[in-house]
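Participant: sequence first, predicted model second:
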Amino acid sequence: MSLWSMHEPDFDTATQWWSDLPNIWTPIGWKDHMFRFNVFWSGMILAQPDLNRRTEPYAGEGVQVTIYPAWQPKPSAESFARHDDALVTQGWLDGAAPVLWSEIGLDGVKLRQYVFAHVPAGRAVETGIEPLFAWVRVEINELCEGLPQENLYGFIVRLNAPHVSTSMLLHNNVRFHRERSRYPRELRATPAEYDTGAGWRLVEPDGRVRMGIAPGHDCSVELPARGADELDFDVFVLMPCQAGRYVDLLLPMLPAPCEIFDREMVLGRASALDQADAFWASVPGTAARVHVPEREINETIRHSLKFSEVLAEKNPETGKYCKVNGSLAYADLWATPAAMDLVMMMDALGRHETVARYLDIFRDEQGTVIPPGDAYEPHPGYLSTPALYKSIDWLADHGAVLFTLAMHGLLSGDEVWTEHFTDTLVKACEWVVCACAIRGHGGVEGLPPAAVATDRRTSIQAAWSLGWIYKGITAAIRLLRRTDHPRAAEFAEFARDYRETFVKAYEIACWNAPTWTGADGRRRCLPPTALSGDAKDETRHPFYLDTGPLFLVFSGLLGAEDAAMEGARLWFREGPPRRFYRRDANFIQIGALEHEMSSAEPCYSWNVFHSWQQGYRDLFLEGMYSLFAGAVSRKTFISCETRGGITGNVFAAPLAIWLARLSVVDDEIEEGALHLLRLMPAAWLGARQTAAFEAMPTAYGPVSLRTQVSEMGDSLDVAFSPSFRFQSPKVMLHVPPLTGLKCISVNGVTYAPQGTIVLERDL
């Protein structure tokens with residue numbers, strides 16, 4: 001039990017605010033592979049290789065596989081596969097390799113399937129299109145004691161053409177198009193009957209293998225004839241109805257040549273899993289290790305790190321690596337959530353080698369795209385989403401990519417990488433200077449002109465774009481100062497002018513903005529989302545919450561104490577939109593904050609940075625825990641874009657993880673200082689509980705921190721071990737407001753448990 005006030009939020013509290021995510025899909029794959037399997041809430045496996053321009057040559061090669069419990073060659077229940085009716089549960093095994101289980105209980109039998117991906121030899125990809133297999137074990141996990149059972153129990157393996165589409169809409173995020181579901185080619189079995197020594201294969205007309213059943217099982221396999229008008233291709237498998245009995249299926253992403261399929265089948269599931277475990281167990285020497293008393297936080301970190309590398313690819317045509325945002329929807333790249341993934345999670349948790357692998361492409365393609373606005377011309381410094389991966393160019397992309405590059409240099413401390421990318425950073429800063437020098441564009445001069453800001457494609461001088469650009473250039477300045485670059489001071493002076501120009505223009509825009517009346521009777525302005533070009537509907541759109549004025553605090557252009565920011569928070573927390581807001585309705589309503597989380601896209605809950613800056617721990621933790629409990633699946637720990645909408649991504653987890661990091665190890669709140677335990681949750685400081693943060697990257701070098709509260713709760717022991725690289729910052733340890741705390745010990749030195757402790761610089 002926590003020694004804090006019972007009112008402080010924790011994960012369990014947040015589960016009372018938020019139901020779990022419905023209708024999820026979770027990627028199963030291999031690091032940097034072009035393809036990935038998607039396992040849906042029902043256990044349905046989608047092997048769809050053609051999801052973007054880069055994979056168009058593989059159209060028609062996919063398959064959608066659903067496993068139904070069955071006593072006979074007809075499924076006894078199908079609703080769970082089309083609708084998330086909570087009949088199927090999911091989770092992960094504890095090993096290094098991601099092995100996802102899905103379990104359904106019908107007729108007193110729990111049928112569980114286990115899925116993991118494997119590349120032959122279990123090595124890192126070389127081409128990006130190596131054969132990719134899913135090993136699928138179907139097991140009778142448990143029988144209901146006392147219920148009579150038949151001697152045999154079985155399951156249907158139903159094969160269809162991929163026929164799902166997705167949307168952001170709650171209750172309608174996955175749509176099945178049965179008219180497109182017929183598998184396009186006839187399949188035949190070899191051998192016709194299951195052979196315990198040779199196994200069984202389902203073969204395409206050209207001899208390639210679509211699916212197989214491993215040898216050595218006590219089972220029978222039946223392949224009912226498919227009528228001319230039948231859409232489903234069914235395989236019926238029967239095995240003894242005994243707990244622990246199982247059958248192993250082998251499913252290639254693409255129909256596999258027989259010799260390649262047979263090599264994988266001969267290798268066997270156990271050896272494939274051993275190779276997968278070894279592959280996934282390998283992490284960089286710089287990797288951080290985090291363990292807190294709340295299991296769900298640890299599991300979100302553990303699995304999101306893996307998802308991030310599955311959501312990346314090596315292009316066989318170019319040999320280049322690049323991130324993608326999603327495993328089914330958004331199998332391309334949007335730079336802003338990618339920046340959050342790479343900075344707030346991957347670099348923040350020490351995966352520097354991985355991040356560096358995905359950054360080269362931005363340097364290589366710098367200057368190849370014209371910014372998406374009429375006032376712009378080509379410039380060698382403009383950073384953008386790489387051409388093969390882009391969907392819609394946003395002007396914010398430049399700032400997001402620049403922020404990612406600079407933060408990688410700061411958090412990794414990699415001097416060789418920084419030297420290699422310095423010219424890229426300088427040219428990117430020069431583009432900002434040139435953009436601000438453009439005149440006669442009809443907007444606020446001295447700032448980048450209007451351009452496409454979001455997927456709405458409206459060309460506006462958006463706070464979102466201006467904020468990301470400022471965030472990027474100030475991060476770059478911070479890195480250039482570290483290396484004593486001769487232009488750092490020049491760019492810093494420019495950035496001060498940029499901010500001053502924005503603040504003055506925004507004040508004027510606020511004076512001219514519509515007003516509303518707060519609960520206190522005070523008239524407030526509706527902070528604008530842009531300085532020029534915006535139409536009335538910009539503030540009616542959910543993007544007004546996600547990519548609007550609340551972002552300005554994270555960007556650094558405005559402080560949380562600014563009157564406009566106070567008004568923006570109140571508008572979304574308690575203003576007129578609350579009367580229109582419907583909880584657990586589709587995101588397309590007027591945006592509002594619910595338990596400090598965005599009602600549209602939770603990953604863009606920028607308001608939490610207001611609470612962080614102001615030190616409002618209850619609001620900060622309310623937002624942080626809402627992200628962990630309300631925007632991340634509690635079953636598979638996959639993130640969502642909108643609640644009940646698009647999953648198969650890591651949109652929300654990076655922000656939640658970054659906030660968790662800042663609560664304990666904060667190098668952002670004050671330049672030249674490192675703040676410890678500033679907003680650390682009560683749930684991590686209970687009696688006899690330990691929280692550990694080892695090798696956590698900071699802008700000053702990695703640090704390790706461990707906390708332990710005594711059994712009586714009257715003392716707190718802190719072990720702190722920094723490895724500062726470039727400068728020794730001021731280290732401030734905030735004494736947590738633990739009830740009954742009598743002393744605090746830091747590395748064996750005892751302090752009075754009050755206020756903030758300034759630790760010695762030579763720690």
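Facilitator: Sure, I can see it.
Participant: tell me how far residue 739 lies from residue 292.
Facilitator: Noted for residue 739: a distance of 20 Å to residue 292, by Cβ to Cβ, to the nearest Å. All C-beta spots, glycine's among them, are computed from the backbone N, C-alpha and C.
Participant: so the two - more neighbours on which side?
Facilitator: Neighbours per residue (other Cβ atoms under 10 Å) separate residue 739 from residue 292, with residue 292 holding more: 23 against 11.
Participant: distance of residue 477 from residue 726?
Facilitator: In terms of Cβ to Cβ, residue 477 sits 15 Å off from residue 726.
Participant: of the two, which one has the most company?
Facilitator: Neighbour tally, residue 477 and residue 726, criterion other Cβ under 10 Å: the higher count belongs to residue 477, 23 against 13.
Participant: doesn't that one lie inside a strand?
Facilitator: No. The assignment for residue 477 by DSSP: H, G, I helix; E, B strand; the rest coil gives helix, which leaves it out of any strand.
Participant: that one and residue 491 touch, don't they?
Facilitator: Yes. The pair formed by residue 477 and residue 491 meets the contact definition of Cβ atoms under 8 Å, at 5.1 Å.
Participant: what is in contact with the two at once?
Facilitator: Between them, residue 477 and residue 491 share these contacting residues under Cβ atoms under 8 Å, 6 or more residues apart in numbering: residue 429.
Participant: low pLDDT regions in the chain?
Facilitator: 1-6, 75-77, 761-763 (pLDDT under 70).
Participant: domain parsing for it?
Facilitator: 31-281, 289-666, 674-759 (automatic domain parsing).
Participant: and residue 24, which of the ones you listed is closest to it?
Facilitator: domain 289-666 (4.5 Å; Cβ to Cβ).
Participant: what strand or helix carries the residue lying closest to residue 384 once chain neighbours are set aside?
Facilitator: Distances taken as Cβ to Cβ, 6 or more residues apart in numbering put residue 369 closest to residue 384, at 3.9 Å, once the chain neighbours are dropped. Using DSSP states H and E, residue 369 sits in no helix or strand.
Participant: so for this protein, the centremost residue is which one?
Facilitator: With distances taken as Cα atoms, centre = their mean, the residue of the chain nearest its centroid is residue 650 (1.1 Å).
Participant: so who does that one touch?
Facilitator: 304, 307-308, 311, 341, 345, 638-639.
Participant: burial count for the closest residue to residue 480 other than its chain neighbours?
Facilitator: Distance criterion Cβ to Cβ, 6+ apart; nearest residue to residue 480, sequence neighbours excluded, is residue 488 at 4.0 Å. Neighbour count of residue 488, defined by other Cβ under 10 Å: 19.
Participant: how far away is residue 488 from residue 347?
Facilitator: Taken as Cβ to Cβ, the span from residue 488 to residue 347 is 21 Å.
Participant: quick check on the nearest residue to residue 149 once chain neighbours are set aside: phi, psi?
Facilitator: Leaving aside its sequence neighbours, residue 149 sits nearest to residue 241 (Cβ to Cβ, 6+ apart; 4.9 Å). In terms of degrees, to the nearest 10, the main-chain angles of residue 241 are phi -80, psi 80.
Participant: residue 241: neighbouring residues, count only.
Facilitator: Per other Cβ under 10 Å, the neighbour tally for residue 241 reads 18.
Participant: and it, how far is that from residue 268?
Facilitator: Taking Cβ to Cβ, one finds residue 241 at 25 Å from residue 268.
Participant: what ranges does the stretch 301-450 of the chain have for its strands?
Facilitator: Ranges of strands in the stretch 301-450 of the chain, per DSSP state E, counting those that start in this stretch, are 312-314, 321-323.
Participant: what packs against the first one?
Facilitator: Right, the one you point to is strand 312-314. For strand 312-314, the elements it packs on are strand 321-323, judged by 3 or more Cβ pairs under 8 Å, 6 or more residues apart in numbering; DSSP states H and E.
Participant: contacting residues around the strand it packs on?
Facilitator: Counting by Cβ under 8 Å, 6+ apart, 32, 308, 311-315, 333, 338, 341-342, 357-358, 360-361, 386, 388-389 sit against strand 321-323.
Participant: for it, buried residues please.
Facilitator: By neighbour count on 16 or more other Cβ atoms under 10 Å, the buried set for strand 321-323 is 321-323.
Participant: list the contacts of the nearest residue to residue 433 once chain neighbours are set aside.
Facilitator: For residue 433, ignoring the flanking residues on the chain, the nearest one in space by Cβ to Cβ, 6+ apart is residue 494 at 5.8 Å. Contacts for residue 494 (Cβ under 8 Å, 6+ apart) come out as 429, 432-433, 436, 473.
Participant: equivalent analysis for residue 697, please.
Facilitator: Neighbouring residues of residue 697 by Cβ under 8 Å, 6+ apart: 286, 288, 347-350, 352, 411-413.
Participant: turn the residues you listed into CSV, columns for distance to residue 759 and neighbour count.
Facilitator: Listed next are the contacts of residue 697 as CSV, based on distance: Cβ to Cβ, whole Å; neighbours: other Cβ atoms under 10 Å:
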residue, distance to residue 759, neighbour count
286, 24, 19
288, 21, 23
347, 25, 24
348, 22, 24
349, 24, 28
350, 22, 25
352, 26, 22
411, 21, 25
412, 24, 20
413, 21, 22
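Participant: what residues are up against the closest residue to residue 57 other than its chain neighbours?
Facilitator: The spatial neighbour of residue 57 that comes closest, neighbours along the chain excluded (Cβ to Cβ, 6+ apart), is residue 50 at 7.8 Å. The contact partners of residue 50, by Cβ under 8 Å, 6+ apart, come to 56-62.
Participant: which of the three states applies to residue 50?
Facilitator: Applying three-state DSSP: residue 50 is coil.
Participant: how near is it to residue 56?
Facilitator: From residue 50 to residue 56 the distance is 6 Å (Cβ to Cβ).
Participant: same check, this time on residue 550
Facilitator: 39 Å.
Participant: please, where are all the helices along the stretch 201-350 of the chain?
Facilitator: 258-267, 269-281, 295-310, 335-339 (DSSP state H, counting those that start in this stretch).
Participant: for this protein, which helix is longest?
Facilitator: helix 488-511 (DSSP state H).
Participant: how far is it from where the chain is centred?
Facilitator: Offset of helix 488-511 from its chain centre (Cα atoms, centre = their mean, to the nearest Å): 32 Å.
Participant: excluding its backbone neighbours, what's nearest residue 663?
Facilitator: residue 679 is the one closest to residue 663 (Cβ to Cβ, 6+ apart), at 4.1 Å.
Participant: could you do residue 349 as well?
Facilitator: Residue 349 sits nearest to residue 288 (Cβ to Cβ, 6+ apart), 4.6 Å away.
Participant: before we move on, back to that, next up, the contacts around the residue nearest to residue 384.
Facilitator: Contacts of residue 369 (Cβ under 8 Å, 6+ apart): 382, 384-385, 387, 390, 393.
Participant: ok, now residue 380?
Facilitator: Shown in contact with residue 380 (Cβ under 8 Å, 6+ apart): 366-367, 427, 431.
Participant: mind checking how far it is from residue 597?
Facilitator: Distance from residue 380 to residue 597, by Cβ to Cβ: 40 Å.
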